[in-house]
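**Student:** the following comprises the amino acid sequence and a computationally predicted model.
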Amino acid sequence: MTDWYGLGTEMGAIQSNLATTGASVYQHKSVSPHLTIASATTLALEFQSTISILRTDIEVTPPDHDHQQTAQSRLLWKTPPPNYHKVNCDASWKAPHKAGIGIIIRNSNGELHCGAASPAHCGSIAEAEAFAILQGVSLAVTTNLRKVIIESDAKEVISDLREVGRRKNWRTYPILEQIRKKASSLEDCKWEWIPREANRVAHNAASLANGSVGPLRWATQPPPSLTLVLRNDGLPCPPMAEG
């Protein structure tokens, strides 16, 4: 049986050693053993959290279930059409106001364009989901994308964005107006609802954001705890996009 926590700890230690050694060489800083251990522990916990998410699919599959049928029936993320990017957005929320926002952007080849994870202050899960979409559209605009498909598992928010003038939730309405205004600068912007199972990478990024004290952003190389979720979508690990 695979010792995922041990593997995660080992991966965390390797990355932490590389980071701290790089700092000592290029920035002339001394290596801190305590900082390295703390960083490795954090990465191990993130890795373990990711594994627990991936195990959900494995544990509900009967032992005698046809594996080929399982692969065909699984709900995986799908690549966008040529010349489009998909922006996957998700939020985690803990009462009364703590939220985590996760954004993943990939191109029509399934390659990672960029991603972000950041804590936020939101009064409800609906507000957090809407704010995640706002952040996703903003990141798309900031990185000079023109044609995007916004995906979220927040069905109500996506429905509100599709139907102009709909005001079902007064708490999210001001955020939706900001989203529409921001999206107007894009050449084309589509809104699509997807099930949670197909939005795992953004969901995991949102969970990471809940444990961070500030925003995280990356280009082609995501945090180690996200690479396995990306691979679970049928993508290379780690995913790399050509410049």
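**Tutor:** Here it is on my side, so go on. Numbers count the residues shown, from 1 in each chain.

**Student:** pretty sure N144 is in a helix, no?
**Tutor:** No - using DSSP: H, G, I helix; E, B strand; the rest coil, the secondary structure at N144 is coil, not a helix.

**Student:** ok, now how distant is it from P195?
**Tutor:** Separation of N144 from P195 (CB to CB, to the nearest Å): 30 Å. Glycine gets a C-beta too; all of them are placed from N, C-alpha and C.

**Student:** the more surrounded of the two?
**Tutor:** P195 (9 against 6; other CB atoms under 10 Å).

**Student:** these two touch, right, the more buried one and D153?
**Tutor:** Yes - with contacts counted by CB atoms under 8 Å, P195 reaches D153, the gap being 6.1 Å.

**Student:** and V141, how far from H85?
**Tutor:** Taking CB to CB, one finds V141 at 12 Å from H85.

**Student:** so between the two, which is more surrounded?
**Tutor:** Just comparing V141 and H85: by other CB under 10 Å the higher neighbour count belongs to H85, 20 against 17.

**Student:** all helices for the chain, in order.
**Tutor:** Using DSSP state H, the helices assigned to the chain run over residues 4-26, 33-59, 67-73, 125-142, 155-162, 173-183, 200-210, 224-232.

**Student:** and this structure, what are its domains?
**Tutor:** Domain assignment for the chain by automatic domain parsing gives 4-72, 76-232.

**Student:** worst mean pLDDT among those domains?
**Tutor:** Among the domains of the chain, domain 4-72 carries the lowest mean pLDDT, a mean of 48.

**Student:** let's see stretch 105-113 as PDB, backbone CA atoms only.
**Tutor:** What follows is stretch 105-113, C-alpha atoms only, in PDB (Å, rounded to 0.1, in the frame of the first residue of the first chain):
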ATOM      1  CA  ILE A 105      -6.900  28.500 -16.800                       C
ATOM      2  CA  ARG A 106      -6.000  26.000 -19.500                       C
ATOM      3  CA  ASN A 107      -5.800  26.200 -23.300                       C
ATOM      4  CA  SER A 108      -7.300  24.000 -26.000                       C
ATOM      5  CA  ASN A 109      -4.500  21.500 -25.600                       C
ATOM      6  CA  GLY A 110      -5.100  21.100 -21.900                       C
ATOM      7  CA  GLU A 111      -2.000  23.000 -21.100                       C
ATOM      8  CA  LEU A 112      -1.900  25.200 -18.000                       C
ATOM      9  CA  HIS A 113      -1.900  28.900 -18.900                       C
END
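
**Student:** mind listing what's buried in that stretch?
**Tutor:** 105-107, 110-113 (16 or more other CB atoms under 10 Å).

**Student:** also stretch 124-143?
**Tutor:** In stretch 124-143, counting by 16+ other CB under 10 Å, buried: 124, 126-141.

**Student:** cool, stretch 169-182 as well?
**Tutor:** So, applying 16+ other CB under 10 Å, buried residues of stretch 169-182: 169, 172, 175-176, 179, 182.
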